[in-house]
Structure formats: structure tokens, C-alpha cells
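J.: this one's structure only:
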């Protein structure tokens, strides 16, 4: 299973390069189900893997003028504060066993993976359906919504240890009106700073297996370099639909495995 996990790690970067998000859709299941890493530790590892890989992937996007830095900072700064606070103080405060009866135990693992799966499923709908962007022309109102969205997504992605691309991209497309490929590049920029700041909060709380972490990250970086090249040859509409269906599929599978079939 570990060999399959190392091979699949390349796909983490490949998905990030093609879609500007979704790395955690693969990284968390790979770490939990193929490498048998504890769900909370896996959420911390995922932040590092996805953060470094997204940073590498954002560099060529920036050179191609596909990163909107102003929007990225408006979204990213509130999100950084939110995600760091969540990983540093909120996640460690959640007990391992939250609630139990004679026949059922609601654990921290079920909470984290359950919320992760639900967020994936909800975010997938807007991408599959291709909803129109927000109708308001009030730039101030749009900026306000972007800031609020940054705080909320920072908390949610901090809670589940995801980079949040599957939430960030719909927000950028529908709230700011960015073209999908620009949203992809901007998403990588936001994911990089968010994930690494979230991971900084984890370093203070957990012991890291650095050799393992670096090996998975190196494979993911290889994948994103390939994904960046392939992305230029595929239409935005096809990428958006693919992103939505992949998110829906993985979210449904995790929800079924962790919550429904427990």
C-alpha cells in the first residue's frame, strides 16, 4: 500500500497544477488510508505538502500574469489569521472522544473527516453547475464578501487541514469574477500562504516525521510541474467540470466510509 501511496503522491501536485486546488482531496486520503497516518496528524502533514507544492506551482502562474495578487491578499490575510488560530488553539482543544453512547462513539477523526467530506460535496455543486458570478457591481461589497469568505474558509480549512482550493476557487470565480485560469493561479498563491501558516501552528503542537514529509512533498512538486504544463492545453470549462466531479466523488466516498458505514 505504501508503494501505491508514493505513486499517488505525484497526483497531489498534478491535480493542483491542473485545477489550482484539490491537492488535499488526494493528500488526506493518501495519508490516512494508504500510509495509515492518524487523521489529525495527516491534516497537519497535508498543510505542509499542499502548501509547498502550491508555492512552487504559483511561481510560473505569476510569471504568466495568472495570479491576481491584490485579490489574493484581500482573501489571504484574513484567512491566514483564521487558519493559524484554528490550528494552533482550536484543533488541539477538541477531545479525541467528543460524544458516545453504548453503541456509538463520535470521535475527533469522524468530526474532521466528516466536515471535510461535506465541504467537498457542497463546493462541488457550484463548479459542476457552473453558476454565474455574483451579480452585484459594488466593488466595496465584493471586497467585504471576499474578506468574510477568507475568514470562514480559513477556519474550515484549518479545522480539517485542507488547503481549501475546492472552496477558494468557487469563491474567487463567483465573488470576484476572475476568469477560471486566473482563479486557479490566485488560488495556488492563497493556498500556499494559508497552508504554511496553518502548518506553523501545527509545528508547535505535534512531532513531525520530516524525512517522510519531505519525500511526499518532493513527489507532489514533481506532479505540479507536470500539471502546470498540461493545464495550458485544456479548456477552462472542462477543468471546472472535472474539478467539481472529482471533489464530489472523493467527498462522497470519504463520507460513506467514515460516517455512514462506521
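T.: Everything's here; your move. Small disclaimer: the values here were computed from a predicted structure and weren't measured.

J.: distance from the centroid: which residue in this structure tops it?
T.: In the chain, counting by CA atoms, centre = their mean, residue 102 sits farthest out from the average C-alpha position, at 35.2 Å.

J.: Which of the three states applies to that residue?
T.: With DSSP: H, G, I helix; E, B strand; the rest coil as the basis, residue 102 sits in coil.

J.: residues in contact with it?
T.: By CB atoms under 8 Å, 6 or more residues apart in numbering, the contact list for residue 102 is empty. Glycine gets a C-beta too; all of them are placed from N, C-alpha and C.

J.: so residue 37 touches residue 31, yeah?
T.: Yes - using CB atoms under 8 Å, residue 37 is in contact with residue 31, at 4.3 Å.

J.: Compare those two and say which is more crowded by neighbours.
T.: The residue with more neighbours, out of residue 37 and residue 31, is residue 31; 28 against 20, by other CB atoms under 10 Å.

J.: Excluding sequence neighbours, find me the nearest residue to the more buried one.
T.: Sequence neighbours aside, residue 42 is the residue nearest to residue 31 in space, at 3.8 Å (criterion: CB to CB, 6 or more residues apart in numbering).

J.: and that neighbour, how many neighbours?
T.: Close neighbours of residue 42, defined as other CB under 10 Å, add up to 25.

J.: Against residue 205, how distant is it?
T.: For residue 42, the distance to residue 205 (CB to CB, to the nearest Å) stands at 14 Å.

J.: With residue 35 instead?
T.: From residue 35 to residue 205 the distance is 20 Å (CB to CB).

J.: higher neighbour count, these two?
T.: residue 35 (19 against 13).
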